[in-house]
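S.K.: Please find the sequence and the predicted model below.
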Amino acid sequence: MIAASELAAGHFPILTAIVVVPAVGALAVALMSKRRPEFVKLTAILVSVFTAALSVWMLASFKSGEADFQFVSKHEWIKTWGISWHLGVDGISLFLVVITGILFPLCIVGVDPQHDEKPYLAWLLLLEAGVMGSFLSLDLFLFFISFEIVLVPMYFLIGGWGHENRVYAATKFFIFTMFGSAFMLVGIIATVFIARGSVGHITFDLVELATKANFASSTARWLFFAFAIAFAVKVPMFPLHTWLPDAHTQAPTAGSVVLAAVMLKLGTYGFLRFGLYLFPSAARHSRAIFLTLAVVGILYGAIAATMQKDLKRLVAYSSVAHLGFIVLGTFAFTSQALTGSVLQMINHAVSTGALFLLVGMIYERRHTREIAKLKGLQKVAPVFAGVFMIVMLSSIGVPGLNGFVGEFLILIGSFVTARWWTVVATSGVILAAVYLLWAYQRVFHGEPDEDNRTFAELRSKEGMVLLPFVVAIVFCGIYPKPLIDRIQPSVKALITHGGYYDPQPVVNKVGEQP
Amino acid sequence: MIAADPTFIAPSIDWSALTPLLVLLGGGLVLLVGAALTPPWPKRAYAWSTVAIGIAALVMTFIEWHRISRSGPKFLIGGALSFDAFSMFATITICVGVILTSLITEDYLRREGMDGPEVYGLYLMAAIGGVVMAMANDFIVLFLGLETLSIALYVLAASHRKRIESQESGLKYFVLGGFSSAFFLYGIALIYGGTGSTNFTKIIASFDSVAAHRKDALILVGIGLLLVGLGFKVSAAPFHFWSPDVYEGAPTPVTAFLASVGKAAAFAAMLRVLVVALPNWKDDWQPVIWTIAVVSLAVGAISAVVQTNVKRMLAYSSINHAGFILLGVEAAGHAGGSTGRGMPAAMLYLLLYSVLTIGSFGVVTLVSRTGDGATDLNSFRGLARQKPAIALAFTVFLLAQAGVPLTSGFIAKFGVVQAGVEQRSYALAIIAMVTAVVSAFLYLRIMVSVWLEDPAAGDTGREPVTVPFSAAVAITLCVGFTLLVGFFPGWLIDASDKVVQIAGR
């Protein structure tokens, strides 16, 4: 084990490999002959499984309990502009990378694009490279490139393999996100040039900027604002969320899964990594705005989800609500709430990813996503219904499953520093139960009618794809300690770096008088 | 005889410094005169000899570039021309433009049944004009270059003899272009009146005496008129009205030439005039450039969205790109041109954009089919099914023009925005990036047609798109360059940083 970690840390550039392997795989798939589709798919699966293996290897050799960036690899890229290929992973990004790595092979195996498989797989692998690059970059330029490049494969995935309104949804997605990035690009460049005085030279290196740069407080607020617009669009936060229901509903199943599970996390991760790390006091200054928008998002997303007729759109709006919790936890600035936020990013990835897969399976069988047309599926497909229920309960946040742990930590941690916002947000937990249980009731309970009587039971291949999700849901719900042990040191370091007030929970030993 | 006049001292001429210019001139004469006197050359010979001339000029330019970096910039022919990294960089851009445009022109001319040496000869003549503009250190020389370029371009725009739109385009360009040249010339006259010289070096030196004699009004009006003339040539709004019509009507390869070489030469002249000749008046011209930049950015992006003809779309997007380059010009003004990233960023943008736009118009040339008429959005429908490689190349160009990372277009935009932000032009930088989003919508619209839509119902009878050899070479080169610079821009950025070395500084 020690040998493996030393090898990983010292010699083999594992993070570079995690980014480059899918990119090269995408190129290979794109260049392969169309006449041998089975080869194409096999290559794509092998590449994504290899990436997953690399990310699991990284997880295994990650030193738990350390706050710093690990496996750092740094090479000069554009010297004149102070830009380098700088990758690193810490507790905040660790599990996001792992989940990305595991999710992609599951999507590739589990979802059939119906037509034009070769370009579909190439775009998917390119998307993986972009997402990995965003999570691992420690250079503002490299981050921006990765953050922006994911738009292109996603645009083509939605536009080429989506449902009836796909071109509209894909264009809206592209334009909204690019609008946010426009501000971030100017923000990044301005950060670098304004920091030149205190850092001493031009550099896009995140760690160097965060530790050496001094910004006047009004300057920092403007810069934070420029970054925040990009992340708020990506999360998406109310009122910039309108692209999300369209993109989710129209995207092909794999697109929705990736969008919900990892791409939305680019926004929340961005707030942590770039917002709070670079501009801690500016972030604190604007916390009221973000807490309010987060809470509005929680309630609005929940209420909108309740009203939906389309099952996929319902899940999409539930994402708006769930991500509201993550933002709430982020802007509470306590180590508990931040740990909860990071944990909730992973939980949401697992449960919403699985929900989209399940909804995709329903669509494949019935060619409709309309709740009113589905009825009594529990009778004809009990196992399918069982899996759906576990995933749904995890999304609601029922104790014993993963969703509870994250939400609970967020609410506890936020209560101390953002009391009334937390109080209001708590009602979101109840609303989640309302819309999801109601939807479950309408779709699965009752007697199946003529159309639904032939609904096929869960196939073994589908079961194999869903199994890792269910295992993760139960494991993280019962024993989240290994995750928290790795997340918390980095979160605490971030809190210390920002100089935030971080009340520690008072723990009474058993038998001690309070 | 002047030479016999004992008081006249002929300036010594460093012929070797003029080799790029001489190669272009000699080649142009061979094509125009030589080809007229010989029987028709074999297929592809005109185009590929133009390419050879372009490459020879390019090689000469590289040699001169190294000479400048060894022994420094200097003036030529008694201060009429300046021999520096700036002019050589512009020459490289122009030569690259000539080479790539000739390649996409080759098959086009044969397809349209008008193969001959004239178009190539005119390309080379226009290139000479452009190089002279970039090298000029004197308003009169600059004007000579401008007219050489413009007259060649007027003829080129009208060169499709069978298309009435091409005639219209040429005439429109000629009339409006002549008008703008008049503005420019009158501007020169007023500057001469104010400073007593047309030479850039002497104009800079005259600043103190101008201030003492209160001749500022004359010069300010002169600057205004110069800006109108230059704004027209670079097709910046509000002087852009000619460009969509001319771009649409001109033969498609010529449009590529207009948007690349024409624009690069005009911007080089603009930088020369504003940053080299008139830096002392920068507080006066800078707000004007700021305004023109904002108007160009907005007009280019917003008007492009409502177009249905791809050539017009690209024409408007070229106005938007002009706005981006003006961002670099504005930044160069802050720093007085001597330091800062404005000049390098603008020159780099011109080179990268030239390649992109030639690639884009190269694809449009192929899709426009015989008659050069099929350039509406519908003609692009289903291109991905018919010719996936061409569709992919087009997508790379469009994404690069939108400024998507890992393409040269991103490096270009990043450079000018960086230059602007360095000089604290935050508002301009943000406006520029937001208009880039608006124009991204336009590129997405074209991509939707190419990838996601099937050919229109009545479109089945259309001749298929063919990909001839020369055009394939040009498009491959453009794609390769776009991606190469997207991934590894360092070497080019370092080279462009040298353009701030200007003769006389």
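M.R.: Great, that's in hand.

S.K.: use CA for all of it now, contacts and neighbours both
M.R.: OK.

S.K.: Identify the residue nearest the closest residue to chain B within the stretch 1-150 of chain A in space, chain neighbours excluded?
M.R.: Distance from chain B to each residue of the stretch 1-150 of chain A (CA to the nearest CA) is smallest for A:Ile78, at 4.8 Å. Spatially, and ignoring its direct neighbours in sequence, A:Ile78 is nearest to B:Gly490 (4.8 Å; CA to CA, 6 or more residues apart in numbering or on different chains).

S.K.: How much space separates that neighbour from A:His75?
M.R.: Distance of B:Gly490 to A:His75, computed by CA to CA, to the nearest Å: 13 Å.

S.K.: So which of the two has more stuff around it?
M.R.: Per other CA atoms under 10 Å in any protein chain shown, whichever of B:Gly490 and A:His75 has more neighbours is B:Gly490, with 18 against 11.

S.K.: what's the pLDDT at that one?
M.R.: For B:Gly490, the pLDDT comes out at 89.

S.K.: who's in contact with it?
M.R.: The contact partners of B:Gly490, by CA atoms under 8 Å, 6 or more residues apart in numbering or on different chains, come to A:Trp77, A:Ile78, A:Lys79, A:Thr80.

S.K.: Please state the offset of the host helix or strand of B:Val416 from the chain centre?
M.R.: Using DSSP states H and E, B:Val416 sits within helix B:408-422. In terms of CA atoms, centre = their mean, to the nearest Å, the centre of helix B:408-422 is found 18 Å from the chain centre.

S.K.: got the contact list for it?
M.R.: Helix B:408-422 has contacts (CA under 8 Å, 6+ apart) with A:186, A:189-190, A:193, B:324-325, B:327-328, B:330-332, B:340-342, B:345-346, B:348-349, B:352-353, B:356, B:399-405, B:426, B:428-429, B:481-486, B:489.

S.K.: Drop the exposed ones from those and show what's left.
M.R.: Buried subset of those (neighbour count, 16 or more other CA atoms under 10 Å in any protein chain shown): A:186, A:189-190, A:193, B:324-325, B:327-328, B:330-332, B:340-342, B:345-346, B:348-349, B:352-353, B:356, B:399-405, B:426, B:428-429, B:481-483, B:485-486, B:489.

S.K.: Can you tell me which of the residues you listed end up in strands?
M.R.: Of the positions in the buried ones among the contacts of helix B:408-422, not one sits in strands, assigned by DSSP state E.

S.K.: how many other residues sit next to A:Met32?
M.R.: Neighbour tally, A:Met32, other CA under 10 Å: 14.

S.K.: Which helix or strand contains the nearest residue to it once chain neighbours are set aside?
M.R.: The spatially closest residue to A:Met32, leaving aside those adjacent along the chain, is A:Val40, at 6.8 Å (CA to CA, 6+ apart). For A:Val40, the host element (DSSP H and E) is helix A:37-60.

S.K.: any idea which helix or strand comes after the helix or strand of chain A with the lowest mean pLDDT?
M.R.: Ranked by mean pLDDT, DSSP states H and E, the weakest helix or strand in chain A is helix A:2-6, scoring a mean of 43. Sequence-wise, the next helix or strand downstream of helix A:2-6 (DSSP H and E) is helix A:14-31.

S.K.: List the buried residues in that next one.
M.R.: A:14-26, A:28-30.

S.K.: Let me see the ranges of the strands in the stretch 1-150 of chain B.
M.R.: Applying DSSP state E, counting those that start in this stretch to the stretch 1-150 of chain B gives strands spanning B:74-76, B:81-83.

S.K.: Kindly compare burial across those strands and name the winner.
M.R.: Among those, the stretch with the highest mean neighbour count (mean count of other CA atoms under 10 Å in any protein chain shown) is strand B:81-83, at a mean of 25.

S.K.: Listing request: residues of the chain with sub-threshold pLDDT.
M.R.: By default, I'm working from chain A. A:1-11, A:505-514 (pLDDT under 70).

S.K.: that's the other chain; I wanted chain B
M.R.: B:1-4, B:210-215, B:336-339, B:456-461, B:504-505.

S.K.: Show me the longest helix that occurs in it.
M.R.: If you go by DSSP state H, chain B has its longest helix at helix B:164-195.

S.K.: Packing partners of that helix?
M.R.: Contacts defined by 3 or more CA pairs under 8 Å, 6 or more residues apart in numbering or on different chains; DSSP states H and E place helix B:164-195 against helix B:139-157, helix B:207-213, helix B:216-233, helix B:242-249.

S.K.: Briefly note if the helix or strand containing A:Ser146 comes near chain B.
M.R.: Assigned by DSSP H and E, A:Ser146 belongs to helix A:140-149. Yes: shown here: helix A:140-149 in contact with chain B (CA under 8 Å from any CA of the partner chain) through A:Ile145, A:Ser146, A:Glu148, A:Ile149.

S.K.: give the contact list for the last one.
M.R.: For A:Ile149, the contacting residues are A:Leu127, A:Gly130, B:Val404, B:Pro405, B:Leu406, taking CA under 8 Å, 6+ apart as the criterion.
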